[in-house]
Structure formats: structure tokens, C-alpha cells
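[1] Quick one: sequence and predicted model below, then my questions.
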Amino acid sequence: MSSSTMPALVNYAPEPFSVELREVKVPEIGEHDVLLRVGAVSICGSDLHQWRGSHSWQVNYPCILGHEFAGTIAARGSGVRGFREGDRVVSETAAVIDESSPLSRAGLYNLDPARRGFGYGVDGAMTQYVRVPERCLHRIPDSVSFHKAALTEPCAVAYNAVCVNGRVRPGDRVLVIGPGPIGLLSAKMAQLSGAGEVIVAGLPADRHRLQVARQFGATTTLDANIGEYVSQTGDGLGVDVAVDAAGHSSTLKIALECVRPAGQIVKVGWGPQPVQFSLDPLVQKNLTLAGSFSHNWPVWERVITMIVSGQLNLDPIVSRVCELPQWQECFEKMEAGEYVKAVLTP
């Protein structure tokens, strides 16, 4: 198998639109790896950023895109003990970590400075076969389709933001800024955590995604005048928790304006731009500003349980499932907001 080739979606240079289908070799696996036959891989906003050349992280070019994936074990290394050929699995994203680092030993390998992820640090899953370390794998039952299982990763991002780094309690008012997949999933996690009102805010161009938000746990959707709405509802002091899932400096400013004194902001959206405004409201309001990055093993186990039980129904956000050659249409329609999540089946 190792001598054969396969089609793969490769990001080959930092310039915009340096992404194309190429024939690549099927990867070799090491002692503690499996060779995963990809059943489905979903498209992330970070894939779009790399396609656009607008990302703010280091990419190891050329690199096969795709880090949200599930599939079947086709082969395993001699040291793999917990899984066998034919097992249906979903994979975490931390492809390379220093297992002896203090953070890894604490279970926080997602924060290990040596961490390299699929799709930018090592080859990802927008292809037929991907090499995966055994420690990244989680079993999935036959009842969960691969295209749903591929969404475990963004669900884990949202769970980590809202339920681990966030402190949403029953009855809270929660504002989510940015109705992309992570924002929509964060709204769902806030609803499941008992929030009394879940407000999802976006732009007029987000009309379709704001409609999806209403099917997915949002009680209120806004495309303008966010501060005005928040100050004129409830007791007028603001929301308990704001989740910035957009990442622009302007959305952090809105969060600072809309959160009540002693409230919390969770920032999960990336944006390399300088902030360019005063952080005095953070001090004056005695706010907590928490960053949230990635996820770890217990978060994945919890999210898989939620998907399997049906507590987390992902149907509203899966807009399209199609084959790898249709990748460009999916990238374009996700970027335009017409698709919430598109999933490729290599």
C-alpha cells in the first residue's frame, strides 16, 4: 500500500489560493500509529484562512489540509494495543506533542508549546489515508455517521470554551458574537448549560447562519445594534457571559460593552489585528477575560457521549456532504456564509 498514491488537497505555499488537488504517496506509519482510511473530513474556518493566505499561524508547507475527521483503521503499528483494523474512530488534532512536558503530564497537551496539529503542522485528512498516533483516537459506535463524527472537533472547541473555560450557569444571559460554526456550537453549549437567554449576534450578511442559530439553541438573533438590545433588556446591566467567536478587535470591544460588571468574556476567535482601544472597561467592570484554545481527552469523551446520545443534534449545521473534487465550491460557499459546515468524503 505504501508505494501507491492518492489524491489529496494540498496547501503548498503561503500565497493566497495556493491550494490544489495533488497525487501524493500513502503515508508510512510508525510503531505507535495507525493508518486511518478517512470516512469524512469537515471544513474548518482555519482551512479557509490557509486557502486565503490570511492565517496567523505557522504552516509546514506543503501540507495536506483537514483536521476534523473520522474513519476506519486500515492498518496499525506493532506497538498499537488499544485498537485493531476495522475499528471506527474519530481523531483529536494534536498530531505532535512533547509527552514529557509539564503541560502534557498535566493533561493539557493542547497547550504544549511543541504541539503541532493536523492540516498545518503535519499532513491532515483531506485525502484517503492519514497517519494518526494511537493516543489521538476515540472509538465511535456504528450509530454515528462519519460525517457527524467529523464534527466532534468543533464541538470540543465550543465545549472547552463554554463549559470548561466559561462559567455559564442556569438562568444566565449569554451573548455569542459570530455565527460561524464555533459560535453556533457555543450557543448550543450555553443552552445545554441552562442559559436563560442565548443571544447570537452577527452581520446582515449572516442572515442564513442566524436562521440556523434559532434552530440550534439561540433565543434571540441580532444583525445590528447589539449594545442597544442588551442595555434595553433584562435589568439593563448587560449579559453574564459573552463568547467572542469572531476574533476581530471590534467584536472584543462589543463584548466589553455588553458584559455586566463582574461578568465574563471568553475569547475563542482568532484575529491577529492589534486591539486599538482602551481595556479600561475590563478593569472598571471587574471582568474576567478568558482565552480558550483547542481541547483535550476528557472534553472529547464528553462530546462524543453527547453526540451518541442525541443530546447534541448536529443536523442543523451540516449544510453539505460531498466528495473531495467539490472542495472549492464548499470553501467558497462556507466563506460566503451560505453553508455553515461542509463535509468532504474522500
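    Alright, I've got the coordinates. Numbering: from 1, shown residues only.
[2] ok, for residue 127, nearest residue in space, not its chain neighbours?
    On the basis of CB to CB, 6 or more residues apart in numbering, the spatially nearest residue to residue 127 that is not a chain neighbour turns out to be residue 8, at 3.5 Å. Heads up, the C-betas are built off the backbone N, CA and C, glycines and all.
[3] doesn't residue 345 make contact with residue 330?
    No: look at residue 330 against residue 345 with CB atoms under 8 Å: they stay out of range, at 11.3 Å.
[4] Find residues that contact each of the two.
    Listed contacts common to residue 330 and residue 345 are residue 322; contacts here mean CB atoms under 8 Å, 6 or more residues apart in numbering.
[5] quick one: which of those two has more around it?
    When residue 330 and residue 345 are compared for neighbours, residue 330 comes out ahead with 24 against 15, by other CB atoms under 10 Å.
[6] for the host helix or strand of that one, the distance to its chain's centre please.
    Taking DSSP states H and E as the definition, one finds residue 330 inside helix 327-335. Using CA atoms, centre = their mean, to the nearest Å, we find the averaged C-alpha position of helix 327-335 to lie 17 Å away from the chain's own average C-alpha position.
[7] Now the element after it, going C-ward?
    Using DSSP H and E, the next helix or strand after helix 327-335 towards the C-terminus is strand 341-345.
[8] Counting by contacts, list what the helix holding residue 330 packs against.
    When contacts are defined as 3 or more CB pairs under 8 Å, 6 or more residues apart in numbering; DSSP states H and E, helix 327-335 sits against helix 45-52, strand 318-323, strand 341-345.
[9] just the helices in this structure please.
    Using DSSP state H, the helices of the chain run over 45-52, 102-105, 146-149, 152-159, 181-192, 207-215, 226-231, 249-258, 280-284, 297-309, 327-335.
[10] what's the nearest residue to residue 291 if we skip its chain neighbours?
    Here the residue nearest residue 291, using CB to CB, 6+ apart, is residue 267, at 5.4 Å.
[11] Next one: that neighbour from residue 67, what distance?
    For residue 267, the distance to residue 67 equals 21 Å [CB to CB, to the nearest Å].
[12] Please identify which of these two sits among more neighbours.
    Under the neighbour definition other CB under 10 Å, residue 267 and residue 67 were set side by side, and residue 67 has more, 26 against 23.
[13] how about that one, what does it touch?
    Residues touching residue 67, when contacts are defined by CB under 8 Å, 6+ apart, comprise 44, 46, 93, 117-120, 124-125, 153.
[14] dump the residue contacts of residue 132.
    Counting by CB under 8 Å, 6+ apart, residue 132 touches 33-36, 91, 95.
[15] Buried by neighbour count, from the residues you listed: which ones?
    Neighbour-count burial (16 or more other CB atoms under 10 Å) is assigned, among the contacts of residue 132, to 33-36, 91, 95.
[16] Put together CSV for those, with pLDDT and distance to residue 134 on each row.
    What follows is the buried ones among the contacts of residue 132, written out as CSV (pLDDT from 0 to 100; distance: CB to CB, whole Å):
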residue, pLDDT, distance to residue 134
33, 98, 7
34, 98, 6
35, 98, 12
36, 98, 11
91, 98, 10
95, 97, 12
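[17] quick one: pLDDT of the nearest residue to residue 158 once chain neighbours are set aside?
    Once its chain neighbours are removed from consideration, residue 158 has its nearest residue in residue 185; the separation is 3.5 Å (CB to CB, 6+ apart). Confidence per residue is given as pLDDT, and for residue 185 that number is 98.
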